[in-house]
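In: Task: produce atomic coordinates for the following.
(one chain, ligands or ions: 2)
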Amino acid sequence: MSVCIPFTCRGNRSIWRNNQRELSTANRIYQKESSVLQTMAPILLNATGTDHSDYIEQEEVHVKNPHLDSMEEDILYHLDLGTKTHNLPAMFGDIKFVCVGGSANRMKSFAQFIHQELGLSGDMAGIRDICAGTDRYSMYKVGPVLSISHGMGVPSMSIMLHELIKLLHHARCRDVILFRIGTSGGVGLAPGTVVITNQAVDSFLQPQFEQVVLGKVIVRSTELDKGLAEELLSCSTEIPNLPAVIGNTMCTHDFYEGQGRLDGALCSFSTEDKLEYLHKAYDVGVRNIEMESTVFAAMCHTCGLKAAVICVTLLNRFEGDQINTPHEVMLEYQQRPQFLVSRLIRKRLGLIQ
Ligand SMILES: O=P(O)(O)O[C@H]1O[C@H](CO)[C@@H](O)[C@H]1O
Ligand SMILES: O=c1cc[nH]c(=O)[nH]1
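Out: Ligands and ions are numbered 1, 2, ... in the order given. So this is what the prediction gives:
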């Protein structure tokens, strides 16, 4: 008996509701048979190849770690979840869309917004933070959508993603799509423009993510799903006042010097040096700068997960460094990636044309 209920992304709302009913029946069975289920994971835990095509054929969530196979229990420490303490297939088995963003408040607002957008019943005012037992990340589940904060920078995103991908794997999720909905500095774009990432590049403008492992550098591709990016761009044309482009996104390890800002506590370069760097980035297609896209793209790509990065620009970096946009305008800007992702989700669920 598997609790992984087939889910048709392009199906309609009633299919999803039926799946909810089946899932809760399955969960009751799970509670009786959890020991049997422990041995039935359909996931290739011990996949060790390096070629992405080794993993992409089945649309399951692949964990590339053979050691997990022999662990009796997996504690997802920073999410305050675990395989023995929580019935992960019951709690998360129906997840199809995962939206991540830096701020805990933004991801709570997104959960409330998507609840309304999906036309679900119930009061969302007191929505529960699934990770409330830890103050590292916040997580909300709304039907087939999971909304999670990741904090700022690559290490924070990376820790969250390790545990999120294991969570999706333990929960036996299938056909999951991940979106990063964030903010960024624009390069040659009007503030408020949404950039859908074509390629995530590092500070050397290379489409790769470098991780130091046992004192050696491992390089991973930051390829994102081109079809998904085009689908998002097409959704943007259906939403009024939502300027969007597809462009490359530079991911840095710092907000100030690392992004060529002249206004940090330290600055070792001139205005001319800054502009030369930003123009060099612009010439290779960079249209925005943020701080997590490379590790997000690399980890999703390696694990065979479809992913997209959608960040609104808060300023045009050719024109300045300080973010002085009024608070209400900033809030409206931050909602733009959410509107876009919501539209795509509703289309995929068959709720709108
Ligand atoms: O708005 P979020 O998602 O936090 O993303 C951007 O904003 C933060 C810097 O202000 C960095 O995390 C950067 O990537
Ligand atoms: O300039 C900016 C704005 C938001 N986030 C960034 O990382 N950089």
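
In: Close to ligand 2: what parts of the stretch 101-250 of the chain are there?
Out: Residues of the stretch 101-250 of the chain lying close to ligand 2 (Cβ under 6 Å from any ligand atom) are Thr183, Ser184, Gly185. C-betas here are computed from N, CA, C, even on glycine.

In: Out of those residues, which end up buried?
Out: Buried by 16 or more other Cβ atoms under 10 Å: Thr183, Ser184, Gly185, out of those.

In: ok, what's across the strand from the last one?
Out: The reference is to Gly185. Under the criterion DSSP bridges, Gly185 forms beta bridges with Ile289.

In: gap between it and Phe318?
Out: According to Cβ to Cβ, to the nearest Å, Gly185 stands 10 Å off from Phe318.

In: List just the nearest of the residues of the stretch 101-250 of the chain next to ligand 2 to Asp225.
Out: Nearest to Asp225 among these: Ser184, at 19.2 Å, using Cβ to Cβ.

In: quick check, Thr197 in a helix?
Out: No - counting by DSSP: H, G, I helix; E, B strand; the rest coil, Thr197 is not found in a helix; it is strand.

In: pretty sure Ala281 contacts Val187?
Out: Yes - assessed by Cβ atoms under 8 Å, Ala281 is found in contact with Val187 at 5.9 Å.

In: Can you classify the closest residue to Glu223 other than its chain neighbours as helix, strand or coil?
Out: Closest residue to Glu223 apart from its sequence neighbours, by Cβ to Cβ, 6 or more residues apart in numbering: His301 at 5.1 Å. Secondary structure assignment for His301 (three-state DSSP): helix.

In: who touches His301 in this structure?
Out: His52, Arg220, Ser221, Thr222, Glu223, Leu224, Ala307 (Cβ atoms under 8 Å, 6 or more residues apart in numbering).

In: Helices along this protein, start to end?
Out: Ranges of helices in the chain, per DSSP state H, are 13-38, 53-56, 88-92, 104-117, 154-170, 226-236, 271-283, 293-302, 327-348.

In: give me the residue from the stretch 101-250 of the chain nearest ligand 1.
Out: Nearest residue of the stretch 101-250 of the chain to ligand 1: Gly102, at 2.0 Å (Cβ to the nearest ligand atom).

In: My read is that Cys300 contacts Ala307, right?
Out: Yes - the pair Cys300 / Ala307 is scored as a contact, 3.7 Å apart, by Cβ under 8 Å.

In: Give me the common contacts of these two.
Out: Joint contacts of Cys300 and Ala307 (Cβ under 8 Å, 6+ apart) are Leu178, Leu224.

In: buried sites along stretch 139-159?
Out: For stretch 139-159, by 16+ other Cβ under 10 Å, it's 139-151, 153-154, 156-159.

In: which residues are common contacts for Ala281 and Val187?
Out: Met250, Ile289.

In: Against Thr325, how distant is the residue in the stretch 101-250 of the chain positioned nearest to ligand 2?
Out: Relative to ligand 2, the nearest point of the stretch 101-250 of the chain is Gly185 (2.5 Å; Cβ to the nearest ligand atom). According to Cβ to Cβ, Gly185 stands 12 Å off from Thr325.

In: Mutual contacts of those two, please.
Out: By Cβ under 8 Å, 6+ apart, the residues touching both Gly185 and Thr325 are Leu314, Leu315.
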